[in-house]
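>>> take a look and give me a structure for this.
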Amino acid sequence: MVVATSVLQAGIELGPQTLPLLLVIAGLGLSIAEAMAPGAHFAVLGVALLGAGIVGLLLGPIAGPLVLAVLVLVFGGLALAGYRRFDLYGGAGSGRTSDSNSLRGRTGRVTERVTEGSGEVKLDRGGFNPNYSARALDGEIPVGAEVLVVDPGGGNVLTVASLDEMEDDIDAELARERATTAAEADDGESTGEEESERA
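Coordinates of the predicted model:
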């Protein structure tokens with residue numbers, strides 16, 4: 001009770017311009033917080049409070065608490081519509097969480113040698129913390145090697161395979177085509193040499 005009495009005795013008066021000024025200060029504070037931790041956590045509310053406070057300061061004594069409340073709702077609605085319309089933080093649905101199955105097929109690099117029992121990888125587009133514990137599908141994978149997630153394992157420990165050692169159907173077909181082309185070229189050269197020797 002002593003504190004409340006001392007505040008009143010200090011001569012602090014809350015005039016009609018105080019509420020809009022408080023809204024501006026709160027809006028600026030939330031905007032600064034948004035700048036420090038982006039992700040649209042405070043953006044809409046910060047813009048709503050800042051806009052309502054500035055208009056309240058311009059309106060002067062007309063801007064009572066009821067008018068300011070309506071202004072906060074109007075600016076909040078406009079800020080939310082603008083945020084959704086322009087998708088400022090990149091990608092519709094990119095902020096949604098996903099399950100561990102979304103890790104299957106992702107690529108990354110080995111940061112700590114991966115064996116069948118231990119290791120660590122850093123995934124490309126791996127989210128907030130792209131580093132995962134990993135186990136090799138077979139053999140060992142050295143640091144810096146590019147890997148592919150074969151089994152997400154619930155997201156705790158990934159099973160990965162080295163991309164250098166993997167050969168898919170396309171790679172196998174390209175290798176066969178190169179071998180066929182090289183064999184045909186060798187046959188053509190040897191036939192040309194035999195004909196030149198006969199002549």
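>>> give me the number of residues near R85?
Each residue near R85 was counted by other CB atoms under 10 Å, and the total is 8. No exception for glycine: its C-beta is placed from N, CA and C like everyone else's.
>>> list the contacts for it?
By CB atoms under 8 Å, 6 or more residues apart in numbering, no residues touch R85.
>>> residues in a beta bridge with G108, which ones?
Taking DSSP bridges as the rule, G108 bridges to L123, V147.
>>> tell me where the protein has helices.
Applying DSSP state H to the chain gives helices spanning 2-9, 18-36, 43-59, 65-86, 169-198.
>>> where's L23 relative to L50, distance?
Distance of L23 to L50, computed by CB to CB, to the nearest Å: 7 Å.
>>> L137 now?
Remark: distance between L137 and L50 (CB to CB) = 54 Å.
>>> who has more neighbours, these two?
L50 (21 against 18).
>>> quick check: that one touching L21?
No. The criterion here is CB atoms under 8 Å, and L50 misses it with L21 at 11.6 Å.
>>> circling back: got JSON lines for the helices of the chain, with mean pLDDT and distance to T159 too?
Shown next, in JSON lines, are the helices of the chain (pLDDT from 0 to 100; distance: least, CB to CB, whole Å):
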{"stretch": "helix 2-9", "mean pLDDT": "51", "distance to T159": "62"}
{"stretch": "helix 18-36", "mean pLDDT": "90", "distance to T159": "38"}
{"stretch": "helix 43-59", "mean pLDDT": "91", "distance to T159": "39"}
{"stretch": "helix 65-86", "mean pLDDT": "89", "distance to T159": "39"}
{"stretch": "helix 169-198", "mean pLDDT": "68", "distance to T159": "21"}
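>>> and those helices, which is most packed in?
Mean neighbour count (mean count of other CB atoms under 10 Å) peaks for helix 43-59 among those, with a mean of 20.
>>> by contact count, what packs against it?
With contacts taken as 3 or more CB pairs under 8 Å, 6 or more residues apart in numbering; DSSP states H and E, helix 43-59 sits against helix 18-36, helix 65-86.
>>> identify all contacting residues around the shortest one.
Under the criterion CB under 8 Å, 6+ apart, residues 40-43, 45-57, 59, 63, 65, 68, 72 lie in contact with helix 18-36.
>>> ok, P142 - contacts?
With contact set as CB under 8 Å, 6+ apart, P142 has these partners: V110, R113.
>>> and S118, how far from A134?
From S118 to A134 the distance is 8 Å (CB to CB).
>>> what about the closest residue to S102 other than its chain neighbours, how many residues nearby?
If the residues on either side of it in the chain are set aside, S102 comes closest to P152, at 7.9 Å by CB to CB, 6 or more residues apart in numbering. P152 has 19 neighbours, counted by other CB under 10 Å.
>>> give me the domain ranges for this structure.
Domain ranges of the chain: 15-86, 100-162, per automatic domain parsing.
>>> which of the ones you listed sits closest to D186?
Comparison of those against D186 by CB to CB identifies domain 100-162 as nearest, at 32.3 Å.
>>> neighbour-wise, which of S118 and A134 wins?
More crowded of S118 and A134, by other CB under 10 Å: A134, with 26 against 13.
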